[in-house]
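1. give me a model of this one.
(chains A and B)
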Number of protein chains: 2
Amino acid sequence: MFIREMYAQECCDLLARLGTGRLGCARNNHPYVGPIYFAYEPDHLYGFSTVGQKIEWMRDNPLVCVEADEVRARNQWASVIVLGRYEELPDKPEYAELRRQAQSLLEKRAMWWQIGYAASQSRVKPKPVSSVFYCIHIESVSGHQATADAIESFGVRGHSGTRVRQHA
Amino acid sequence: MFIREMYAQECCDLLARLGTGRLGCARNNHPYVGPIYFAYEPDHLYGFSTVGQKIEWMRDNPLVCVEADEVRARNQWASVIVLGRYEELPDKPEYAELRRQAQSLLEKRAMWWQIGYAASQSRVKPKPVSSVFYCIHIESVSGHQATADAIESFGVRGHSGTRVRQHA
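-> This is a model prediction of the structure:
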């Protein structure tokens, strides 16, 4: 297995394709990681969530890290890391256009609303739903891709192998 | 889809079964998230990594968060979150027993050493491998499990449905 750094465009293509990842945030130097759905567009990720620990922490400290990956086999995977800044999109006239944009992008992803909605459900005592749209402004993106090396590929592909670009 | 909190033992069972997750760490309130292999035993996760940003940050601030999940379908998944404290297991006599234990547990997981090893590989200019064993002391564990609700189950299972425990 060989691991190479991905080009920025490859990272963005992966983010656009995936739509799910893990968001890390921090408060008082305590890290917290949780799964998220997101919609990518250049320089931004859009998300939707009920208000809970993650949202409260990001309101306090907007610095976030999102990891998203695609694992095809144990030696064939790609992992992208986004560093960015959280911005909430409240239900106010000045955010109406951004909220519409976020919702429009998220609606293309089935089940995007379900994590937030289902987390608030209870057959016994329904909780009021308090949810937010948010945007993550991407400040940097990087990624690594693993591919089978020649020996691993041989069994599957014969001598054609797999084209890999190694670290310099 | 309904989401319920998991019992502590269910969380531990999932950690023991999975062996992969995403580790979050923080420095100066900047969060960072990256994929890891781990081996679980009660109260501890063991890991192995080449020295890089993640290890350097954890040396500065040992507070970590590990998220591990199992997704069977978009409405059938479980996600566990571990909060803990990083401890490096250096190659010194007083850590020999712990290092053996970590290695023994990790060896049961195929490819556990590959991420660290492959990341240091280059056909052009091999880098010296500097790697560490580490232990995460688990301070708390929690989890959520999603199951299909009666309507979703109906299509697949008829009236037998899926047994779910709702939030109180």
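
2. compute the first-to-last residue distance for stretch A:15-29.
-> Using Cα to Cα, to the nearest Å, the end-to-end distance of stretch A:15-29 comes out at 27 Å.

3. correct me, but A:L89 touches A:F133?
-> Yes. Look at A:L89 against A:F133 with Cβ atoms under 8 Å: they come within range, at 4.3 Å. Quick note: C-beta positions are derived from backbone N, CA and C, even for glycine.

4. quick check: which element contains A:H137?
-> Assignment of secondary structure by DSSP states H and E places A:H137 within strand A:131-147.

5. as a check, name the ranges of all strands in chain A.
-> If DSSP state E is used as the criterion, the strands of chain A fall at A:2-5, A:20-27, A:30-37, A:39-41, A:44-50, A:63-73, A:76-89, A:131-147.

6. check the offset of stretch A:71-84 from the chain's centre.
-> 11 Å (Cα atoms, centre = their mean, to the nearest Å).

7. now stretch A:36-49: buried residues?
-> A:I36, A:Y37, A:F38, A:A39, A:Y40, A:H44, A:L45, A:Y46, A:G47, A:F48, A:S49 (16 or more other Cβ atoms under 10 Å in any protein chain shown).

8. quick one on the thing from earlier: does the strand holding A:H137 come close to chain B?
-> Yes. In this structure, strand A:131-147 sits against chain B according to Cβ under 8 Å from any Cβ of the partner chain; the contacting residues are A:H144, A:A146.

9. within its sheet, name the partner strands of that strand and how each one runs.
-> Partner strands for strand A:131-147, per DSSP bridges, with pairing direction: strand A:2-5 (antiparallel), strand A:44-50 (antiparallel), strand A:76-89 (antiparallel).

10. same question for that strand, mean pLDDT?
-> Throughout strand A:131-147, pLDDT has a mean value of 95.

11. do the same with stretch A:79-97
-> 96.

12. just how off-centre is it within its chain?
-> Between the centre of stretch A:79-97 and the centre of its host chain there is 13 Å, according to Cα atoms, centre = their mean.

13. outside of it, which residues touch it?
-> With contact meaning Cβ atoms under 8 Å, 6 or more residues apart in numbering or on different chains, stretch A:79-97 is reached by A:6, A:11, A:14-15, A:25, A:45, A:55, A:58-59, A:62-69, A:98-99, A:102, A:132-145, B:30, B:32-35.

14. just give the closest residue to A:D69, not the sequence neighbours.
-> By the measure of Cβ to Cβ, 6 or more residues apart in numbering or on different chains, the closest residue to A:D69 outside its immediate chain neighbours is A:S79, 4.0 Å from it.

15. give me the most central residue, chain A.
-> The residue at the geometric middle of chain A, judged as the C-alpha nearest the mean C-alpha position with Cα atoms, centre = their mean, is A:G21 (3.7 Å).

16. burial measure for A:I138, as a count.
-> 20 (other Cβ atoms under 10 Å in any protein chain shown).
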